[in-house]
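*Asks:* this one's sequence-less:
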């Protein structure tokens, strides 16, 4: 089946890595594996487009681009990934209606409070219009279900659990040893790992929280190091903070391609990342698939991707003492560490496996297209 795809927040070719891009590209790869043909109908990024004349002109150009590509491609279904008030879909509803094909949303978001602020109200209205135009919505975040139900009938919403391809993230002891050698670490020296973009947002808040939390633990224990995988504009500030809170213990590994992250997960003993403001957090799934116990805050969407007491430990946000306590507990208890780590790959294979989860998505999309084709034949 031919599917027209659109990503209003970040087109597939966007250069900055993020969890959103991982999900979007993974979605395309999965649908392609399952026999569908996907075409990115427009690469217009709609983020705050209404605030400038140039943005509005680019929106018009994005719609025209989408029309041209769609008329040439002749899709049977339109699929938009991640519309919300900052980056609403102003392309898909018009073209899907013109082509008389189902308009479907994957991971839309809806926040009614955004209509009260004049700066966000236009985006809220565009996004609400897109939601109301949708034949069906798929969400991978349980926290979004209630909000979406205010704009879309519940029977038109399907939950698709978030996940990864388990075979892409497996523990590789040889690769892990090679990373530890590059870090000049002793064979039994505990290594904590965190991975994130060094951006001035919730990622920086999480990394700062982590460094603050581990500072007191470092003064009590002299047997661990922390590897930080990532890069970005806040790197200098993070290095300054690490030098202050964890002198001699923080390793800045730089940016690492996602296909090589398994090497770094394989080198570590614990994955420790607070996850402040994370809607889900793909790195948590990747770490568990590689057999790493997770320590994080019990906040936002983290509990949806980490099983407390089964694959990791989730703690309250108390400023960092609970996080440091959980890390220390697992450093002192290798048996518990191994048990939690061993449960991770099982959890991923059984419940967060995209081969299964996107298989159900593929079937539903095909059913929506077939239903639409049947109704069109009846009309004619």
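*Replies:* In hand now; what should we look at? Since the structure is predicted, the reported quantities are computational estimates derived from the model, not experimental observations. Numbers count the residues shown, from 1 in each chain.
*Asks:* residues contacting the closest residue to residue 99 other than its chain neighbours?
*Replies:* When the adjacent residues along the chain are set aside, residue 99 lies closest to residue 70, with 6.2 Å between them (Cβ to Cβ, 6 or more residues apart in numbering). Every C-beta, even on glycine, is put in place using the N, C-alpha and C of the backbone. Contacts here follow Cβ atoms under 8 Å, 6 or more residues apart in numbering; on that basis residue 70 touches 4, 39, 41, 78, 95, 99.
*Asks:* please redo it, this time with the cut-off set to 7 Å
*Replies:* With contacts defined as Cβ atoms under 7 Å, 6 or more residues apart in numbering, residue 70 is in contact with 4, 41, 95, 99.
*Asks:* Now these in JSON lines, please, with extra columns for distance to residue 262, neighbour count and pLDDT.
*Replies:* What follows is the contacts of residue 70, written out as JSON lines (distance: Cβ to Cβ, whole Å; neighbours: other Cβ atoms under 10 Å; pLDDT from 0 to 100):
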{"residue": "4", "distance to residue 262": "33", "neighbour count": "27", "pLDDT": "97"}
{"residue": "41", "distance to residue 262": "33", "neighbour count": "28", "pLDDT": "96"}
{"residue": "95", "distance to residue 262": "39", "neighbour count": "22", "pLDDT": "96"}
{"residue": "99", "distance to residue 262": "41", "neighbour count": "19", "pLDDT": "95"}
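*Asks:* Going by distance to residue 311, which of these wins?
*Replies:* residue 4 (37.3 Å; Cβ to Cβ).
*Asks:* ok, now which ones touch that closest one?
*Replies:* Under the criterion of Cβ under 7 Å, 6+ apart, the contact partners of residue 4 comprise 39, 41, 70, 73, 75, 78.
*Asks:* want to throw those into JSON lines with distance to residue 179 and secondary structure?
*Replies:* As requested, these are exported to JSON lines (distance: Cβ to Cβ, whole Å; DSSP: H, G, I helix; E, B strand; the rest coil):
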{"residue": "39", "distance to residue 179": "39", "secondary structure": "strand"}
{"residue": "41", "distance to residue 179": "40", "secondary structure": "strand"}
{"residue": "70", "distance to residue 179": "45", "secondary structure": "helix"}
{"residue": "73", "distance to residue 179": "43", "secondary structure": "helix"}
{"residue": "75", "distance to residue 179": "43", "secondary structure": "coil"}
{"residue": "78", "distance to residue 179": "43", "secondary structure": "strand"}
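*Asks:* Serialize the residues you listed to CSV and add fields for distance to residue 61.
*Replies:* Listed next are the contacts of residue 4 as CSV, based on distance: Cβ to Cβ, whole Å:
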residue, distance to residue 61
39, 18
41, 13
70, 15
73, 18
75, 20
78, 19
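*Asks:* quick one: the helices in the stretch 1-150 of the chain?
*Replies:* Under the criterion DSSP state H, counting those that start in this stretch, the stretch 1-150 of the chain carries helices at the ranges 19-33, 53-73, 92-99, 121-133, 145-148.
*Asks:* Tell me which of those helices sits nearest to residue 162.
*Replies:* Taking Cβ to Cβ, helix 19-33 is the member of these nearest to residue 162, at 7.6 Å.
*Asks:* now what about stretch 71-86, what contacts it?
*Replies:* Contacts of stretch 71-86 from elsewhere in the structure, counted by Cβ under 7 Å, 6+ apart, are 1-9, 20, 24, 27, 39, 47-48, 89, 92, 95-96, 101-109, 111, 114, 120, 123-124, 127, 130, 365, 368-369.
*Asks:* Which ones among those map onto strands?
*Replies:* When DSSP state E is applied, the contacts of stretch 71-86 are split such that 2-6, 39, 103-106 fall in strands.
*Asks:* List buried residues within the residues you listed.
*Replies:* In terms of neighbour count (16 or more other Cβ atoms under 10 Å), the buried residues within those are 3-6, 39, 103-106.
*Asks:* ok, the residues you listed vs residue 58, which is closest?
*Replies:* residue 6 (14.3 Å).
*Asks:* so what pLDDT did that closest one get?
*Replies:* Looking at residue 6, its pLDDT is 97.
*Asks:* what's the distance between it and residue 122?
*Replies:* Using Cβ to Cβ, to the nearest Å, one gets 19 Å for the distance from residue 6 to residue 122.
*Asks:* which ones are touching the nearest residue to residue 183 once chain neighbours are set aside?
*Replies:* What sits nearest to residue 183 in space, not counting adjacent residues and going by Cβ to Cβ, 6+ apart, is residue 251, at 5.4 Å. Applying Cβ under 7 Å, 6+ apart, one finds that residue 251 lies in contact with 183, 225-228.
*Asks:* among the helices of the stretch 1-150 of the chain, which is nearest residue 282?
*Replies:* helix 19-33 (4.7 Å).
*Asks:* Now do that closest one: everything it contacts.
*Replies:* When contacts are defined by Cβ under 7 Å, 6+ apart, helix 19-33 is touched by residues 3, 5, 7, 9-10, 12, 14, 38, 81-82, 106-107, 258, 280-282, 354, 358, 362.
*Asks:* Is residue 140 in contact with residue 160, as I believe?
*Replies:* Yes: Residue 140 lies in contact with residue 160 (Cβ atoms under 7 Å); the separation is 5.2 Å.
*Asks:* So between those two, which is more surrounded?
*Replies:* Neighbours around residue 140 and residue 160, counted as other Cβ atoms under 10 Å, are more numerous at residue 140. The numbers are 21 against 18.
*Asks:* Around the closest residue to the more buried one other than its chain neighbours, how many other residues sit close by?
*Replies:* In space, and not counting its chain neighbours, residue 140 is closest to residue 162: 4.3 Å by Cβ to Cβ, 6+ apart. By other Cβ under 10 Å, 25 other residues sit near residue 162.
*Asks:* and residue 162, what does it touch?
*Replies:* 140, 280, 285, 304-305, 352.
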